[in-house]
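K.L.:
Have a look at this fold, sequence not included:
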């Protein structure tokens, strides 16, 4: 088994942290993992993405050309990665920041209003965890419980008070995506 994930958006949306949490969850559960960040020189407000590869064997290359899983947190990321995705892949789209539908019909597209869900929870910065929760609805190699444990183990001490809201964001993203999966034709 080997799963490749690209998480992409603007700097400041928590793209790199979202990838780290998924990578930590997989690593802490005994899987092989790579995590590679990429961001422009301006960081906050510029583009940022990271690649996570999870496997049950040694990973030959951390580079991903046609990802089976993508989280697109903004319109430029959506436009960039939709054409590159592997047929049959899953594209998690932050519906709050994307104003049009996918062009491809050979991938699963899950529209999730990440910003609105995060604001309902009480912190707009949680939109990245909403998207990770949505990802976990289709990425069975990492569970919601494993990501919660990774957050608890790896979140800096100064942010530990945010754990309950992070858990809520994960759960709400997962639940929203589950409803989207129910709409996908069998």
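P.N.:
Arrived safely, thanks for sending. The model shown is predicted, which means the values in this text are computed figures rather than measured ones.
K.L.:
Spatially central residue in this structure, please.
P.N.:
Nearest to the mean C-alpha position of the chain, by CA atoms, centre = their mean, lies residue 132 at 4.0 Å.
K.L.:
and residue 169, how many neighbours does it have?
P.N.:
27 (other CB atoms under 10 Å). All C-beta spots, glycine's among them, are computed from the backbone N, C-alpha and C.
K.L.:
Pull the contacting residues for it.
P.N.:
117-118, 121, 126-127, 129-130, 133 (CB atoms under 8 Å, 6 or more residues apart in numbering).
K.L.:
which secondary structure element contains it?
P.N.:
Here residue 169, judged by DSSP states H and E, is contained in helix 163-183.
K.L.:
So which bits of that helix are buried?
P.N.:
165-174, 176-177, 180 (16 or more other CB atoms under 10 Å).
K.L.:
And stretch 124-139, by the same measure?
P.N.:
So, applying 16+ other CB under 10 Å, buried residues of stretch 124-139: 126-139.
K.L.:
okay if I get the buried residues of helix 163-183 as CSV plus distance to residue 64 and pLDDT?
P.N.:
CSV is the format used below for these (distance: CB to CB, whole Å; pLDDT from 0 to 100):
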residue, distance to residue 64, pLDDT
165, 31, 93
166, 26, 93
167, 28, 95
168, 30, 94
169, 25, 94
170, 23, 94
171, 28, 95
172, 28, 94
173, 22, 94
174, 23, 93
176, 25, 91
177, 21, 91
180, 23, 79
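K.L.:
And the furthest pair within the residues you listed?
P.N.:
Spanning the widest gap among the buried residues of helix 163-183 are 165 and 180, at 22.5 Å by CB to CB.
K.L.:
What angle do helix 163-183 and the host helix or strand of residue 17 make with each other?
P.N.:
Secondary structure assignment for residue 17, by DSSP H and E: helix 15-28. Interaxial angle, helix 15-28 versus helix 163-183 (axes from the mean of the first three to the mean of the last three CA atoms, to 10 degrees): 90 degrees.
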